[in-house]
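**Student:** Pasting the sequence and the predicted coordinates here, then a few questions.
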Amino acid sequence: GAVVSQHPSWVICKSGTSVKIECRSLDFQATTMFWYRQFPKQSLMLMATSNEGSKATYEQGVEKDKFLINHASLTLSTLTVTSAHPEDSSFYICSAPDGVGYTFGSGTRLTVV
Amino acid sequence: QKEVEQNSGPLSVPEGAIASLNCTYSDRGSQSFFWYRQYSGKSPELIMFIYSNGDKEDGRFTAQLNKASQYVSLLIRDSQPSDSATYLCAALMYSGGGADGLTFGKGTHLIIQP
């Protein structure tokens, strides 16, 4: 089946630094990649939608200058959390339509200290 | 605004019994519905999806959709302790420009008691 590889699985960074999260579709082309964020005991909240070769679209309330998304190829989308702060600590998950449903990456646990 | 509502639980069910999970959605434009299982700290795993009114069965799982009532449910027969997890209901609406992201409910925490 379709697989989305997400790295890193966890990361700890200092406040003010940037963190890049990568999602790669391994056996299919992901024209679109959705980025979600999940706080403890909360649901997945869609942050942004990236489309290969075009600018990402962000959900209301999500700062596009803080959460930089790049989708330069059909198999790679990246999310960079810039100038991270403790309130950005969360579980970040990518997801791509796979022709049947949606395939999720394994998630990245970000802790900002 | 698109919303998907679920009872957060916990829902406790004895092993071997039927677990019934419910979900309602606010947007009548929603076309497909998904049930995901999520273990703590892990990514969601797709259980099944449904887009037609009625029932859809897959092994021990049955999804039910009632578009008139804007209601989706998931039945788990012969519940096993390994079914203990949070179950997420998600709705999808196609905007015409391509697939939208899924709108998730907060999830129902299911506990299967041995």
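**Tutor:** Looks like it came in fine.
**Student:** where does the spatially most central residue of chain A land in three-state SS?
**Tutor:** For chain A, the residue whose C-alpha lies nearest the mean C-alpha position (CA atoms, centre = their mean) is A:W35; its distance is 4.0 Å. Secondary structure state of A:W35, per DSSP: H, G, I helix; E, B strand; the rest coil, is strand.
**Student:** Return the residues of chain A in contact with chain B.
**Tutor:** A:6, A:32, A:34, A:36, A:42-46, A:49, A:51, A:91, A:93, A:95, A:97, A:101-102, A:104-107, A:109 (CB under 8 Å from any CB of the partner chain). C-beta: built from backbone N, CA, C; applies to glycine.
**Student:** Now A:N51: closest residue in space, sequence neighbours ignored.
**Tutor:** A:T32 (5.4 Å; CB to CB, 6 or more residues apart in numbering or on different chains).
**Student:** where does that neighbour sit relative to B:L110, distance-wise?
**Tutor:** To B:L110, A:T32 is 31 Å away according to CB to CB, to the nearest Å.
**Student:** Give me the more crowded residue out of these two.
**Tutor:** Ranked by neighbour count (other CB atoms under 10 Å in any protein chain shown), A:T32 and B:L110 place B:L110 first, with 22 against 18.
**Student:** What's the mean pLDDT across the strand or helix carrying the more buried one?
**Tutor:** Assigned by DSSP states H and E, B:L110 falls within strand B:108-113. Strand B:108-113 comes out with an average pLDDT of 96.
**Student:** in that strand, what's buried?
**Tutor:** B:T108, B:H109, B:L110, B:I112 (16 or more other CB atoms under 10 Å in any protein chain shown).
**Student:** wait, what's in contact with residue 16?
**Tutor:** If you meant another chain, say so; for now it's chain A. A:S83, A:A84, A:H85 (CB atoms under 8 Å, 6 or more residues apart in numbering or on different chains).
**Student:** Can you look at chain B instead?
**Tutor:** B:D78, B:S79.
**Student:** how about it, secondary structure?
**Tutor:** Quick answer, by three-state DSSP: B:G16 is coil.
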